[in-house]
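K.L.:
Predicted model, plus sequence, below.
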Amino acid sequence: MIIAVISDTHDNLKMTESFVKDVKQFAPDYLIHLGDIVSPFVIPVLAKLEIPGIIAKGNNDGDTDYIGELCYKSGFKFVIPPYKFELAGKSFIISHRPIDTNKIDISGFDYYLYGHTHFHKIEESGRIHIINPGTVSGYVSGKSTYVIINTEVDEVKLREL
């Protein structure tokens, strides 16, 4: 399965549209957004991918009732992090802010995904892939980035727009 992982779009429609255009070359099967959409009007742009996905609530997201409604209509699940799930035979734990691993054990997962910092990070610790895709908006870091995961071969690729 090909999974597109993004975070921190922060209402930047231009860069969100650039992401949608760029990611289509990978024909993703699923979308994971790690939070800070900010306003509901980002959801219809992401819905142009016409794939299911999960969107985690971020610390800057407003009107979460309407975000949830648009997610439902678009085939996305809107969740409160930290959130655990299985996908394509792999176990995931996702959050917006980095998880305090002294309080929550992430060792049993295949993938731990988080956003918030606006700086990308990809590393492995034992069997777990620890991934921050950075920010699609480009704010703070000055780079607009996202990640593609191929679960069949456990491959993680960083993309810059």
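P.N.:
Right, received. Where do you want to start? Residues are numbered from 1 along each chain as shown.
K.L.:
Output the helix or strand bottoming out on mean pLDDT in the chain in PDB with nothing but the alpha carbons.
P.N.:
The helix or strand of the chain with the lowest confidence, counting by mean pLDDT, DSSP states H and E, is strand 121-125 at a mean of 94. Output of strand 121-125 as PDB, limited to C-alpha atoms (Å, rounded to 0.1, in the frame of the first residue of the first chain):
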ATOM      1  CA  LYS A 121      12.600  13.700  10.400                       C
ATOM      2  CA  ILE A 122      12.900  10.100   9.300                       C
ATOM      3  CA  GLU A 123      14.600   7.500  11.400                       C
ATOM      4  CA  GLU A 124      14.400   3.900  12.500                       C
ATOM      5  CA  SER A 125      14.600   2.700  16.100                       C
END
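K.L.:
Tell me the spacing between the residue nearest to the spatial centre of the chain and Ile67.
P.N.:
Compute the mean C-alpha point of the chain, and by Cα atoms, centre = their mean the closest residue is His33, 2.8 Å away. Separation of His33 from Ile67 (Cβ to Cβ, to the nearest Å) stands at 10 Å. Quick note: C-beta positions are derived from backbone N, CA and C, even for glycine.
K.L.:
Spell out which residues are contacts of both of those two.
P.N.:
Here His33 and Ile67 have Ile55 as joint contacts, going by Cβ atoms under 8 Å, 6 or more residues apart in numbering.
K.L.:
Strands along the protein, start to end?
P.N.:
2-6, 30-33, 53-56, 76-79, 83-87, 90-94, 111-113, 121-125, 128-132, 145-150, 155-160 (DSSP state E).
K.L.:
Lowest average pLDDT across these?
P.N.:
Note on the strands of the chain: lowest mean pLDDT is at strand 121-125, with a mean of 94.
K.L.:
Please state the offset of that strand from the chain centre?
P.N.:
16 Å (Cα atoms, centre = their mean, to the nearest Å).
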